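In: Build me a model:
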Amino acid sequence: MTVEERLAEVRRKMAEAEHNAGRDNGSAMLVAVSKTFDADAIRPVIACGQRVFGENRVQESEAKWPGLKAETDGIELHLIGPLQSNKAANAVALFDVIETIDREKIARAVAAEMKQQGRSPRLYVQVNIGMEPQKAGIEPKATVDFVRFCRSELDLPVEGLMCIPPAEQNPGPYFALLAKLAEECGLAKLSMGMSGDYETAIAFGATSVRVGSAIFGAR
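Out: Take a look at the predicted model:
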């Protein structure tokens, strides 16, 4: 299949999952994860009307996205990989959405850069939904207090939660837990689901899914 055909298939499956869940068509947004792919590989996806993309690394994104954004209006770029505090300035300058606010140090660094630059990327708090030691994120039991800290003490525009469930496990219970936490936090957005489980994520209320290999192919 071509990248255009794979993109169309992902969109079709998303629409089917929305219908099966009794949700409105288009209620889940597709974030096309373009990490490791160069500008030439991304342009055909943009040509198909895709405007929302996700990247894992700030430095890699700086090499390709300023040019791609200059070519096409309406691009929305999400940082979906871990953010180091020494890259906070670059991330705030480039990304429209930062999905990986995962600890107080990062929250403070992003808040300081937003004030310094006069930019307001939208933010998600990353939850370590499976409490896995190798993964970043706030523990589920600490999520409500951390979101409250970000919003009230730092005045950060947190709009949702993001998670990556444990591999090789049924993701449904983890997606359900993230949805419950978001409700407790008063947040409307849920970034959950990737190439292998985005249809399940939509069934559990995902408002955005992060799909890479199902569109761009194997890395």
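In: any idea how far the host helix or strand of residue 184 is from the chain center?
Out: Following DSSP states H and E, the helix or strand that holds residue 184 is helix 172-185. Centroid displacement of helix 172-185 relative to its chain, using C-alpha atoms, centre = their mean, to the nearest Å, is 16 Å.
In: Tell me which helix or strand comes right after it.
Out: Per DSSP H and E, helix 172-185 leads on to strand 189-191 as the next helix or strand towards the C-terminus.
In: how close does the closest residue to residue 69 other than its chain neighbours get to residue 64?
Out: In space, and not counting its chain neighbours, residue 69 is closest to residue 75: 4.8 Å by C-beta to C-beta, 6 or more residues apart in numbering. From N, CA and C alone the C-beta is placed, and that goes for glycine too. Going from residue 75 to residue 64 by C-beta to C-beta, to the nearest Å gives 11 Å.
In: ok, now residue 144?
Out: Residue 144 is 37 Å from residue 64, where distance means C-beta to C-beta.
In: same deal with residue 54?
Out: 13 Å.
In: what about the strands in this protein?
Out: For the chain, the strands defined by DSSP state E cover 29-33, 52-55, 76-79, 97-101, 122-127, 158-163, 189-191, 208-211.
In: Give the full set of residues in contact with the closest residue to residue 117 other than its chain neighbours.
Out: Leaving aside its sequence neighbours, residue 117 sits nearest to residue 92 (C-beta to C-beta, 6+ apart; 5.6 Å). By C-beta atoms under 8 Å, 6 or more residues apart in numbering, the contact set of residue 92 is 98, 110, 113-114, 117, 119, 121.
In: farthest-separated two in these?
Out: 98 and 117 (12.9 Å; C-beta to C-beta).
In: Of those two, give the one with the bigger neighbour count.
Out: Per other C-beta atoms under 10 Å, whichever of residue 98 and residue 117 has more neighbours is residue 98, with 26 against 12.
In: That one contacts residue 82, correct?
Out: No - using C-beta atoms under 8 Å, residue 98 is not in contact with residue 82; the gap is 10.9 Å.
In: which stretch among the strands of the chain comes nearest residue 148?
Out: Short answer: strand 158-163, nearest of the strands of the chain by C-beta to C-beta, at 9.5 Å.
In: Test of understanding: give the bridge partners of residue 126.
Out: residue 162 (DSSP bridges).
In: Could you report the distance from residue 159 to residue 35?
Out: 22 Å.
In: and the helix ranked longest in the chain with strand 29-33, angle?
Out: Criterion DSSP state H: the longest helix present in the chain is helix 3-20. Computed with axes from the mean of the first three to the mean of the last three C-alpha atoms, to 10 degrees, the direction of helix 3-20 lies at 150 degrees from that of strand 29-33.
In: Counting neighbours, which bits of helix 3-20 end up buried?
Out: For helix 3-20, burial by neighbour count (16 or more other C-beta atoms under 10 Å) applies to 3, 6-7, 10-11, 14, 17-18.
In: who does it touch, helix- and strand-wise?
Out: strand 29-33, helix 39-47, helix 198-203, helix 213-216 (3 or more C-beta pairs under 8 Å, 6 or more residues apart in numbering; DSSP states H and E).
In: Sweet, I'm off.
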